[in-house]
Structures are given as C-alpha cells and as structure tokens.
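>>> Starting from these lines, generate the structure:
(one chain, ligands or ions: 1)
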Amino acid sequence: MSTPGLSYVPNNPHSPWQMYLQQVDRVAPHLGHLERWVETLKRCKRVLAVDIPINRDDGTVAHFEGFRAQHNMSRGPGKGGVRFHPDVTIDEVMALAGWMTVKNAALNLPYGGAKGGVRVDPKTLTRPELERLTRRYTSEIGVIIGPDKDIPAPDVNTNDQIMAWMMDTYSMNVGATATGVVTGKPIALGGSLGRKEATGRGVYIAARETARAMNLDISGSRVVVQGFGNVGGIAARLFKAAGAHVIGLQDASGAVVNEAGIDVDTALDFVANGGKLCEFHGVVPISEAEFWDLKSDIFVPAALENQLTEERAKTISTKLVVEGANGPTTPAADDILHDRGILVVPDVIANAGGVTVSYFEWVQDFSSFFWTEAEINDRLERIMVEALKAVVHTAEKNKVSLRTAAFIIACTRVLTARELRGLYP
Ligand code: NAD
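Numbers count the residues shown, from 1 in each chain. I've put the predicted structure just below:
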C-alpha cells in the first residue's frame with residue numbers, strides 16, 4: 001500500500017500552519033522596531049518534498065511521501081523531529097518547523113527550527129520495510145541535513161532505533177561516522193542519558209512550577225493525560241510519582257478512567273508489551289466524549305495537534321493545561337480558556353525538555369565527552385525553570401498569555417539575529 005501523493009491541503013480549516021500564522025500575528029504588535037522583519041517568520045526558508053519508493057517484503061514496490069521543512073536558521077542549524085504518521089502533510093510539517101524555531105529561541109538554544117515527516121502508518125510495515133523506508137527517506141533529505149546544517153530527532157512513531165538507522169545511512173553516504181547528525185540515538189551510539197525521558201520530564205517541571213505559582217498542590221491533584229507514548233507516558237509517571245492521581249488516559253486505541261488513580265507504571269509496561277490501554281486491568285474504558293468530560297486539575301494533551309478545539313475549550317473542566325504535544329490548542333480555544341480562567345502553559349515551553357536534552361546530546365557528541373544523568377537532569381531543570389520564569393515575567397509585563405509571552409521572547413531573539421546578519425547578498 002502506498003500513500004496518495006500531494007498531501008498539501010490549502011484552505012484546510014484545521015491547518016496547523018494557519019494556526020501558527022495566527023500565533024505570529026498575535027506577537028507582531030509586541031516586537032517594536034523588529035516588526036519590520038516579521039514576514040521572515042511567516043514563511044519557511046526551505047521545504048523539501050521527496051518520493052520514498054521501497055521494496056515490500058511481498059516483492060511489490062510502494063511509494064510514500066516525505067518532507068523536511070527548515071523554517072528559520074538565523075540563530076543556528078535546523079533542529080526538529082521526524083514524524084511517521086498517516087496524516088502528515090506539508091502544511092503540518094511547516095507548522096511544526098515554525099514552532100521549533102520559536103521553541104529553540106524561547107529556550108535560547110543555538111538552533112533554528114526544522115521538522116520532518118513521512119505520510120505512513122508504520123504499523124502497516126514490517127520491521128525490514130520500516131528500516132528501508134527510514135533509510136531511503138534519510139538519503140533523500142541527506143542533501144539538506146547534517147550535524148552543522150539540520151539535526152533530526154524522534155517525534156510521533158519514531159524512536160531511538162529509527163535514529164540509529166538515520167545516523168548510519170547519513171554516515172554511509174558521507175563516508176564518515178557522523179553521530180551528531182541526529183539526536184535521540186541509542187546510548188551505545190552517542191545518545192544521551194535522560195533524552196528519552198526529557199520531554200515528559202520537562203512537561204512535569206513546567207506543570208510543577210506553574211502549579212506552585214497557582215497554589216495548586218500537585219500531590220493529591222487530579223491529572224488527565226491524552227497520549228500515552230514517549231511524552232504522555234513519562235509525564236504521567238512523574239505526576240504519579242509526585243503523588244498526583246492520574247485518573248484519565250487516552251491513546252490511539254481509546255480512553256480509560258479510574259477515579260482512584262491509574263497504576264501508571266504497570267500500564268506503561270502493559271502497553272510496552274503490546275497490550276491495549278483500554279484492556280488494562282483496573283481501568284474502565286470510556287468514550288471520547290466522556291474523556292473530554294473528565295474533571296481534572298491538570299490536563300496534559302500529549303498526542304497530536306488540534307485537540308483542544310473551540311467546542312472542547314468551552315466545556316473542559318480543568319485548572320491548568322500543560323501542552324506536551326505540539327499545537328494541541330487552537331487560537332480560538334486559547335481565547336476561550338483564557339476567558340474561563342484556565343491557564344495554558346504553551347507547547348513551545350512545556351515540551352521543550354526534549355530539544356534541550358537533544359542539544360546536550362549534540363554537544364556531547366561534538367566533544368566526545370559524556371555527562372552523567374544527574375548532570376543532565378540538573379541542567380535541564382535549571383534551563384526549564386529559568387525559561388518559564390522569563391515567560392511568566394514577560395506575560396505579566398505585557399498583559400498577554402503565556403503563549404504570546406513565549407513568542408515575544410523567541411521572536412525577538414530570532415529577528416534580532418536576522419537584523420544583525422542582514423540580507424544576503
Ligand atoms: P509517541 O508516538 O511516542 O506517542 C503518541 C501517543 O499519542 C501514543 O500513545 C498514541 O497512541 C497517541 N495518539 C495518537 N493519535 C491519537 C489520537 N487521535 N487520540 C489520542 N491519542 C492518540 O509520540 P510522542 O513522541 O510522545 O509525541 C507526542 C506529542 O509530543 C507530539 O505532538 C510531538 O510532536 C510532541 N513532542 C514530542 C517530543 C519528543 O521528544 N518525543 C518533543 C516535543 C514534542
């Protein structure tokens with residue numbers, strides 16, 4: 001089975017790129033003299049669309065569509081994950097690249113923003129087919145990636161094994177082992193301790209710091225998490241370890257509830273061993289509508305974009321939304337949540353733990369000197385707490401949402417770099 005070509009959908013009402021553009025429009029009035037450069041943020045520097053033909057195990061040939069978008073490189077090489085998902089479009093990859101530009105600048109990491117994706121359901125491929133797809137995709141985008149050009153990492157449905165194949169393919173093509181071309185690699189291949197857990201850990205840190213400022217005790221709080229993969233799973237585990245009751249979970253297989261608190265660690269093992277979340281013991285399967293009706297103190301969307309829509313924002317019962325996923329809240333929903341007094345910690349800060357430790361991994365690969373997990377977690381904690389403090393301060397000073405505040409900090413950094421570099425030629 002191949003995927004149909006040309007997945008760009010102009011005028012799509014759920015377009016993540018349109019969502020990103022609206023967020024940029026909201027920051028423009030706060031940029032002072034840098035506003036004259038704002039158009040730079042409204043387009044990608046470069047977008048590559050590639051055909052990925054692979055031999056299937058049954059002897060047929062299948063074609064898939066892949067992308068790599070480099071949104072902005074003013075502050076450094078591109079950085080951003082690679083997603084394997086049947087709904088990937090060029091529009092989505094462009095938006096995710098734009099959010100990476102903002103995220104890297106908000107955390108003051110020396111990177112631009114990029115993102116990649118292949119329109120495929122990896123569950124329909126055998127392992128050898130998945131490896132061939134990964135290697136062909138890497139070869140096709142090989143002309144624009146590299147340790148000092150653009151550094152991919154894991155995202156939805158990609159993991160350390162996929163990064164190992166990407167690193168090997170790139171290395172074979174350039175004739176030298178280039179560990180720094182991707183991050184999120186296995187530890188045995190120059191990966192960093194703590195990277196796998198870093199995004200979920202960052203989500204937890206963001207929630208903890210914000211909850212403290214709201215006088216909301218994490219211990220004993222009710223937490224609902226959408227997405228039980230790398231980000232949602234680790235975040236749920238850390239909330240539970242801090243004494244919270246994770247009462248609701250949802251993944252692609254369905255949603256579940258346990259009002260007394262779900263045994264997250266056992267559920268993670270169950271899912272890791274091929275079990276379906278809705279078949280886990282000690283939980284009751286619920287419908288999608290019932291999931292969105294759950295009452296929580298903290299809600300963590302950690303699956304895909306466009307989940308907290310206008311309709312859901314009107315009825316969701318929570319105090320704090322901490323965005324593990326990229327782009328889960330639409331701009332209209334943002335306004336409704338704000339009016340209802342529900343605080344949103346935006347993706348560009350809340351899920352930045354992953355790219356922060358990816359940065360540590362890249363630095364460790366370049367210096368061939370590896371840090372302890374305690375050093376990594378300690379530095380992650382400090383960077384996240386400082387970045388959050390700056391965002392809260394900017395939000396208070398400008399009387400804007402945390403999202404617009406993060407965009408003010410980030411876009412000011414990106415456009416200052418743009419202005420200092422000037423336009424070539
Ligand atoms: P993952 O593939 O490990 O997990 C995704 C989870 O979402 C799975 O549990 C899946 O079943 C669930 N899911 C998929 N479709 C769903 C649906 N329609 N409804 C409910 N659940 C659904 O991916 P991940 O790495 O955890 O990424 C999740 C989100 O976090 C994405 O938005 C990604 O861009 C973002 N993110 C990831 C990282 C990272 O380091 N992995 C970093 C920053 C942001």
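>>> Correct me if wrong: Glu310 contacts Asp334.
No: shown here, Glu310 and Asp334 do not form a contact pair, counting by CB atoms under 8 Å, at 9.7 Å. C-beta: built from backbone N, CA, C; applies to glycine.
>>> Compare neighbour counts for those two and give me the winner.
It is Asp334, of Glu310 and Asp334, that has more neighbours when counted by other CB atoms under 10 Å, with 25 against 13.
>>> Spit out the contact partners of the more buried one.
Residues in contact with Asp334, defined by CB atoms under 8 Å, 6 or more residues apart in numbering, are Ala313, Val344, Ser401, Arg403.
>>> Without its sequence neighbours, what residue ends up closest to the last one?
Leaving aside its chain neighbours, Arg403 sits nearest to Pro346 (3.8 Å; criterion: CB to CB, 6 or more residues apart in numbering).
>>> same check, this time on the third one
In space, Ser401 comes closest to His338 once its chain neighbours are excluded; the distance is 5.9 Å by CB to CB, 6+ apart.
>>> Look at the one you found and report its pLDDT.
Looking at His338, its pLDDT reads 96.
>>> Secondary structure element holding it?
Element membership for His338 (DSSP states H and E) is helix 331-339.
>>> What are the buried residues along that helix?
Neighbour-count burial for helix 331-339, with 16 or more other CB atoms under 10 Å as criterion, is recorded at Pro331, Ala333, Asp334, Ile336, Leu337, His338.
>>> go on, stretch 35-43?
The neighbour-count check on stretch 35-43 (16+ other CB under 10 Å) flags Trp37, Val38, Thr40, Leu41 as buried.
>>> Around the ligand, which positions in the chain sit nearby?
154-157, 199, 226-232, 250-252, 302-304, 324-326, 351, 354 (CB under 6 Å from any ligand atom).
>>> which among these end up buried?
Taking 16+ other CB under 10 Å as the criterion, what is buried in these is 154-157, 199, 226-232, 250-251, 302-304, 324-326, 351, 354.
>>> quick one, what contacts the closest residue to the ligand within the stretch 101-250 of the chain?
Ranked by CB to the nearest ligand atom, the top residue of the stretch 101-250 of the chain for proximity to the ligand is Gly229, at 1.8 Å. When the contact criterion is CB under 8 Å, 6+ apart, the partners of Gly229 are Val156, Asp251, Ala302, Ala303.
>>> Report pLDDT for the residue positioned nearest the centre of the chain.
Centrality entry for the chain: nearest residue to the mean C-alpha point is Asn326, 4.7 Å, by CA atoms, centre = their mean. Per-residue confidence (pLDDT) for Asn326: 96.
>>> which residues of the stretch 1-150 of the chain fall in strands?
46-55, 61-72, 78-85, 113-119, 150-154 (DSSP state E, counting those that start in this stretch).
>>> And the third one, what does it pack against?
Helices and strands touching strand 78-85, by 3 or more CB pairs under 8 Å, 6 or more residues apart in numbering; DSSP states H and E, are helix 90-106, strand 113-119, strand 150-154, helix 160-174, helix 353-367.
>>> most tightly surrounded among the ones you listed?
Using mean count of other CB atoms under 10 Å, the stretch among the helices and strands packed on strand 78-85 with the largest mean neighbour count is strand 113-119, at a mean of 30.
>>> Which pLDDT value belongs to Gly282?
Gly282 carries a pLDDT value of 88.
>>> Correction: the previous question concerned Val344.
Looking at Val344, its pLDDT reads 98.
>>> likewise Asn11?
68.
>>> swap in the one 3 residues further on?
According to the predicted model, the pLDDT of His14 comes to 79.
>>> ok, it touching Glu310?
No: with contacts defined as CB under 8 Å, His14 does not count as touching Glu310, sitting 11.5 Å away.
>>> quick one on the thing from earlier: is it fair to say the residue nearest to the centre of the chain lies in a strand?
No: using DSSP: H, G, I helix; E, B strand; the rest coil, the secondary structure at Asn326 is coil, not a strand.
>>> and the helix or strand where Val246 lies, which strands flank it?
The secondary structure element spanning Val246 is strand 245-251 (assigned by DSSP H and E). Within its sheet, strand 245-251 is paired with strand 222-226 (parallel), strand 254-257 (antiparallel), according to DSSP bridges.
>>> Looking at this structure, which residue reaches furthest from the middle?
Outermost residue of the chain with respect to the C-alpha centroid, by CA atoms, centre = their mean, is Gly59; its distance is 35.7 Å.
>>> Look up phi and psi at that residue.
Here the main-chain torsion angles of Gly59 (degrees, to the nearest 10) amount to phi 90, psi -10.
>>> State the number of residues packed around Leu343.
A total of 18 residues lie near Leu343 under the criterion other CB under 10 Å.
>>> what sits against it?
Taking CB under 8 Å, 6+ apart as the contact definition, Leu343 lies against Thr210, Met214, Lys319, Leu320, Val321, Leu402.
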